[in-house]
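> coords please:
(chains A and B)
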Amino acid sequence: MTGGPTILEMRSITKEFPGVKALSDVSMTVAAGEIHAICGENGAGKSTLMKVLSGVYPYGTYSGDIVYQSQVVHFSGIKQSEAAGIVIIHQELALIPELSITENIFLGNEPSRFGVIDWESAHRQATELLARVGLNDDPDTKIKSLGVGKQQLVEIAKALHKSVKLLILDEPTAALNESESQHLLELIVGLKGKGVTSIMISHKLNEIEQVADTITIIRDGKTIETLDVKGDGVDEDRIIRGMVGRSLESRFPERTPNIGEVFFEVRDWNVQHPLDPSRMVCKNENFVVRRGEIVGFAGLMGAGRTELAMSLFGHSYGTYVSGEIIKDGKPIKVNSVAQAIANGIGYVSEDRKALGLNLLDTIKRATVSAGLAKITTNGVVSSVKEYETAERYRTMLRTKASSVNEGVTKLSGGNQQKVVLAKWMFTDPDILILDEPTRGIDVGAKFEIYGIIQELASQGKGIILISSELPELLGLSDRIYTIFEGQITNELTAEEANPESLMVSMTSKRTNVR
Amino acid sequence: MKSIRKIFGGGGGVNQFGMIIALVAIIIVFQIATGLTLNPTNVINVFLQYSYILILAIGMVMVIVAGHIDLSVGSVAAFVGIIVAQSMAVWHLPWPLAIVLGLVIGVLVGAWQGFWVAYVRVPAFIVTLAGQLIFRGGNQYIGNSTALPVPESYTVIGAGFLPDFGPDFGYSNPTLLIGLIVVVVLIIREIRARATRVRMGAEPQPVWASVVRLIVLCGITVYATYLFASGRAGTSLPIVAIILGVLIILYSFVTNTTVFGRHLYAVGGNSNAAVLSGVNSKRVNFFVMLNMSVLASIAGMVFVAYSGSSGPADGTGWELDAIAAVFVGGAAVAGGIGTITGSIIGGLVLAFLANGLSLVGTDANLVLIIRGLVLLIAVAFDVYSKVQGRPSVIGYLTRNFTRKSGGGDASTGTGSATEQPKSIDDSPQVLLP
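Coordinates of the predicted model:
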C-alpha cells in the first residue's frame, strides 16, 4: 500500500451466471493514487470483477458492496460509473474507426451551444488532451489510420476528458509492441503523479512488477492475496505462485502412453495478422508430434495458440508467410481446409457455437458434415449410412440425446462437444487439434471427454491439445510447448512441467527450446 | 394432434404441415365465398398464370437458404425472354434451339452475378440490384422497348396442354395417366421409406399412419387429376405444370440428398463452421447464384410463351413475388432454413390468395395491399418464432398443437453460455478471410 486514503473498496462481491459462480466473495481495497494490478489465470474472474465495478453488470445482478469515495454506490450502467469518474478501457477498443480523434474523444459528450457543436472548443480541448497523453497526431486524423498503440492513447485521452479519477485498463498492452507498451506504462505512471488511480489487468508480469504498487491475485473467482510490491519485495515468481497455487486433483482417467516415432512436424511457421501485416501472430514456430502422443500448448489469452492451430488447418487464420508441414516424412500442403482434412488434419475449434457447429443441424447431419465424402455415392448422400454413422458415434461417445434426429441446440454443452468430436473422429484424422475442448463444460462431461482424447491417442493419432486450464494440460499431455507472443518459448516433458514452470515460460520471452 | 404429426412428420426443421393448413384454409374460404376457386378452369388458370413465380421460388429459396437475395430475377427473365423471342422472330431459329439459347444466356448471366457475389464478395443485394437495372436495360435495348411476338409453335411451353389420345371418356387421358403414375410412385416411396426406417433400426411408424398418409396424399392427387382432366375441351394438365413438377422433383432431390444440398444448408446455417468443415463456400455461393439465373431464364421463356410475346415490362416485380413465396413458405431471413416444397406451398398460398381475391371482385390495388400484409405477417411470425426458439413461419399456426405433442419446448435456452450477458468486449474476432 502506498498509504493514501482509500478510493475504492469492493466488499464480498459475488456474481453468478447460470450454472457458474464467476466470483465468490471477492474483496479488494484500492488506495487513492496507486496503480493496482489484478492478476490471475484465464477465467479467474478478473474481467468479471471489473465489469461489476464499472456497471456493465448493473447493481442487483451481483451481491456485495462497492464503496467508492466513502460512499456505497449502485451503478446501473456505464454512464453512471463514468459520471462518478470511473472509466474502463476494454481490451477491444471502443473507438469508431471512421471518425476523427476529436470526434471520438467527445462522442456522446460534445461541447455544444443550443445543440450546435462548438468544434473550435472541441478542437482546442482535444489538442490539450492529446498533449497530456503524449500523442502528436493531428486531432482531425481518422482513428482508422492510427495504430493500436495510438488508439489506446486516444482512449486514455477520452477518459481524461471525462475527468477520470479511477482508470481501469483491461490488458492494455496485449496488442501493443514493446515501445508502445513502454510509452503506455510511462503514461500510466505519469497519471498517477497527477492523482489518477489506475487498476490494471495484465498477463504480462514483468510490466506489473515494473509499475504496480499493489497486486491483488484472483484465482477461481476468489481473492487469494494482496501483495505490496515495494514492501514485500514481490517478483514474478512470487506472483506466479499465487496465481497457480492449487493442487492437481485426480480428475483424469488412467492412461499408459504408447508413444511412437515423430510423424508430424511443423518447421519455421510464420503467419501475419489478417488486418495488420506488421504484426506476426506466429513467429518461426517449430514443433513435432509423435504417434500416440498428446502434445499440450500452453499460453495466455492472445498468445497465439488458436492462431497457430487455425493457420495450420488450411490457412484459416491470418496471412500465411512461410513454413513447412512434414507428415510421415513428406511435406504436405494445407492451402485450404479441404486439403488439410484430406491430409489427415482435424480441428476442433475453441468456439463451438460460432465455428464448430451449424446450430440448425440435427445430430446426424452435424456428425457427417466434415466427412460427407465417406457416405456419398455419385454425389448422393446415403441417409442410411448417415444414420448408422451418427448412431455409432452416439453410442461410442455416450452422447445423451433421444435420437440422432434431435437438433444440436437441444443438447448440453458437453454433449454438443461430443457431437463435434464425433464429426472430426469420422474424418479419421491422423492429427487432431483440440482447441479448448472442455470450455464451458461441466466436470462430469470433462472427464468423459478426457477419456475420449486419451482413447484417440492410444489409437496412434497425434493430439495437439490447446487449453487455458493448466491442470488439464498437465493432466493430459505427454509433452507441453509454451507460447508467448506468437513464439514457442519452451518445451517441457510431462515430468518437467508444473504450473510454475509453465507460467514462467508463458509470461516471458526467454526461449528455451531444445 | 400427435397422430396428425405422425402422418405428416414434423422433422427437418420446417413444419410443412402448417403451410398446408394455410393453403387449404385459403382455398376453402374462397371456395365457400365464390364457388369458383375449385372450378377446373380456374385451377388450370392459376397454374398457367403463376407457374413462373413458382419456378423462380425454387431458385430463390436456395439463394435465401445460402444467406443471399436475388433482386434481378424479373429483369433476367425479361432479358432472356426478349433474346429468345428475337432469335425466333428475327434470326428464325427453330424453337427448341431458341430454348437452348435461352438457357445458355441464363448460365452466362448467372456466372456473371455469381462471380461478383462469390469471388469479389460484393453483397448479393447490390450485385442483383445492379443486375436488375442492367438486364432490364438489356431487354429494352434489344427489343427497342416494344413487344415482340413469338411463333405459335413456341407458345406450347407456356400456354399448351398435353395432347389427348385414346378413347374419349370425357376426361383428358394423358392427365389421368400422369395421375395414376403419381399415385403408384407415392405408394412405392412410402413402402421404401418404411423399409429404410427398419434398416436404420429406427422405431418403425405404425402401419395406420402410413396408410392414412397415403390415403390423404393419393386423395389429393386423384382430386387434382380430376380437376386438370375435367376442364374445358382441349385443356388438360398444362405443359408448364409438368415443367414445374419436374423442376420441383429435381431440386428437392438436389437440396435433400446431394452433397451440394448439404453444403448449401451448411453455408447458410453457419458459414464459418462450414468453411472449417472443408466446404468451399465460394463455390456454393457461385453456383447458387448461377442456378437462380438459369431458373429465371426458364421462367422468362415460359412467360413469353404464355403471353405470346416478349415485352419491355415483362417480369416487373417478379423478384418480390418469388421472395414473398419463399418467406411465406417458411424460410428464415438469416439463411440456413427453407425447403423447396415449403416455398412452392408458400407460392401457392399467395397465388390462390390473389386469385381468390380477384374472384371475389376485390380491387386490384387492394389485392397488392393484402398480399403485402400477408408477407409482413408471415415474416413477423418468423422473427417471433425465432425468439421462441422455433424455426418455422406458418408453423406458428400449429404451435399450440406441436407444443403439446412435443412435450414442451425444449429448444429454448439450454446452454448456460447463451444466457450469459453479452458485454461490449464480447465482439467477435476476425477469424476467416
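> Using the three-state scheme, assign the closest residue to chain B within the stretch 401-514 of chain A.
For the stretch 401-514 of chain A, the residue closest to chain B is A:Gly440, as judged by Cβ to the nearest Cβ, at 4.8 Å. Every residue, glycine included, has its C-beta placed from N, CA and C. A:Gly440 falls in the coil class when you classify it by DSSP: H, G, I helix; E, B strand; the rest coil.
> Retrieve the pLDDT associated with it.
Among the per-residue scores, A:Gly440 shows a pLDDT of 70.
> With A:Gly413 as the reference, measure out to it.
A:Gly440 sits 5 Å away from A:Gly413, going by Cβ to Cβ, to the nearest Å.
> what do you get for A:Leu23?
In terms of Cβ to Cβ, A:Leu23 sits 21 Å off from A:Gly413.
> Same check on A:Ile35?
Taking Cβ to Cβ as the measure, A:Ile35 and A:Gly413 are separated by 38 Å.
> the more surrounded of A:Leu23 and A:Gly413?
Neighbours were tallied for A:Leu23 and for A:Gly413 using other Cβ atoms under 10 Å in any protein chain shown; the higher tally belongs to A:Leu23 (27 against 21).
> distance of the residue in the stretch 201-350 of chain A positioned nearest to chain B from B:Phe260?
As assessed by Cβ to the nearest Cβ, chain B sits closest to A:Ala338 within the stretch 201-350 of chain A, at 4.2 Å. Distance, A:Ala338 to B:Phe260, using Cβ to Cβ: 14 Å.
> and the residue most central in space within chain A, what element?
Within chain A, the residue whose C-alpha comes closest to the C-alpha centroid is A:Met301; the distance, by Cα atoms, centre = their mean, is 3.1 Å. With the criterion set as DSSP states H and E, no secondary-structure element contains A:Met301; it sits in neither a helix nor a strand.
> which residues of the chain score low on pLDDT?
Let's take chain A. A:1-3, A:18-20, A:42-43, A:245-251, A:442-443, A:509-514 (pLDDT under 70).
> Sorry, I should have been clearer: chain B.
Counting by pLDDT under 70, chain B contains low-confidence residues at B:1-18, B:201-204, B:382-383, B:385-433.
> Residue 260: what's it in contact with?
If you meant another chain, say so; for now it's chain A. Shown here is A:Gly260, whose contacts under the criterion Cβ atoms under 8 Å, 6 or more residues apart in numbering or on different chains are A:290-293, A:460.
> hm, I was asking about chain B
A:379, B:254, B:284, B:287.
> Would you tell me what the next helix or strand after the host helix or strand of the second one is?
To tie it back to what came earlier, the one meant is B:Val254. When secondary structure is defined using DSSP H and E, the element that contains B:Val254 is helix B:239-257. Sequence-wise, the next helix or strand downstream of helix B:239-257 (DSSP H and E) is helix B:259-269.
> Could you see whether chain A lies near the following helix or strand past that following helix?
On the C-terminal side of helix B:259-269, the closest following helix or strand by DSSP H and E is helix B:271-275. Yes. With Cβ under 8 Å from any Cβ of the partner chain as the measure, helix B:271-275 is seen reaching chain A through B:272-275.
> Now the strand or helix carrying B:Val212 - C-alpha only, PDB.
In this assignment (DSSP H and E), B:Val212 forms part of helix B:207-229. Written as PDB, here are the backbone C-alpha positions of helix B:207-229 (Å, rounded to 0.1, in the frame of the first residue of the first chain):
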ATOM      1  CA  VAL B 207     -48.900 -49.000 -40.200                       C
ATOM      2  CA  TRP B 208     -52.000 -47.000 -39.800                       C
ATOM      3  CA  ALA B 209     -50.000 -43.700 -40.000                       C
ATOM      4  CA  SER B 210     -48.600 -44.800 -43.400                       C
ATOM      5  CA  VAL B 211     -52.000 -45.800 -44.600                       C
ATOM      6  CA  VAL B 212     -53.600 -42.600 -43.600                       C
ATOM      7  CA  ARG B 213     -50.800 -40.500 -45.100                       C
ATOM      8  CA  LEU B 214     -51.100 -42.500 -48.400                       C
ATOM      9  CA  ILE B 215     -54.900 -42.000 -48.500                       C
ATOM     10  CA  VAL B 216     -54.500 -38.300 -47.900                       C
ATOM     11  CA  LEU B 217     -51.700 -37.800 -50.500                       C
ATOM     12  CA  CYS B 218     -53.300 -40.100 -53.100                       C
ATOM     13  CA  GLY B 219     -56.700 -38.400 -52.500                       C
ATOM     14  CA  ILE B 220     -55.200 -35.000 -53.200                       C
ATOM     15  CA  THR B 221     -53.500 -36.400 -56.300                       C
ATOM     16  CA  VAL B 222     -56.700 -38.000 -57.500                       C
ATOM     17  CA  TYR B 223     -58.700 -34.800 -56.900                       C
ATOM     18  CA  ALA B 224     -56.100 -32.700 -58.700                       C
ATOM     19  CA  THR B 225     -56.000 -35.200 -61.600                       C
ATOM     20  CA  TYR B 226     -59.800 -34.900 -61.800                       C
ATOM     21  CA  LEU B 227     -59.600 -31.100 -61.800                       C
ATOM     22  CA  PHE B 228     -57.000 -31.000 -64.500                       C
ATOM     23  CA  ALA B 229     -58.600 -33.700 -66.600                       C
END
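> List the contacts of it.
Under Cβ under 8 Å, 6+ apart, the answer for helix B:207-229 is B:3, B:6-8, B:38, B:40, B:43-44, B:171-172, B:175-176, B:178-180, B:182-183, B:186-187, B:190, B:194, B:236-238, B:241.
> Tell me the spacing between the nearest residue to B:Thr34 once chain neighbours are set aside and B:Tyr223.
Nearest-residue entry for B:Thr34: B:Leu359, 4.5 Å, with adjacent residues in sequence omitted and distances by Cβ to Cβ, 6 or more residues apart in numbering or on different chains. B:Leu359 is 19 Å from B:Tyr223, where distance means Cβ to Cβ.
> closest point of the stretch 251-400 of chain B to chain A, which residue?
Nearest residue of the stretch 251-400 of chain B to chain A, counting by Cβ to the nearest Cβ: B:Gly269, 3.7 Å away.
> Tell me how many other residues crowd that residue.
Here the number of neighbours of B:Gly269 (other Cβ under 10 Å) works out to 26.
> Quick check: it touching A:Arg365?
No. No contact is recorded between B:Gly269 and A:Arg365 when judged using Cβ atoms under 8 Å, the distance being 9.4 Å.
> What parts of the stretch 51-200 of chain B come near chain A?
Taking Cβ under 8 Å from any Cβ as the criterion, the neighbours of chain A within the stretch 51-200 of chain B are B:196, B:199-200.
> who wins for neighbours among those residues?
For those, neighbours were counted using other Cβ under 10 Å, and B:Met200 has the most, 18 neighbours in all.
> measure the closest residue to that residue other than its chain neighbours to B:Tyr226 for me?
Sequence neighbours aside, A:Tyr387 is the residue nearest to B:Met200 in space, at 4.4 Å (criterion: Cβ to Cβ, 6+ apart). Relative to B:Tyr226, A:Tyr387 is positioned 39 Å away (Cβ to Cβ).
> before we move on, back to that, which ones among the contacts of B:Phe260 map onto strands?
Secondary-structure check on these using DSSP state E: no residue lies within strands.
> just those residues now: which is nearest A:Gln151?
When those are ranked by distance to A:Gln151 (Cβ to Cβ), B:Val284 comes first, at 36.8 Å.
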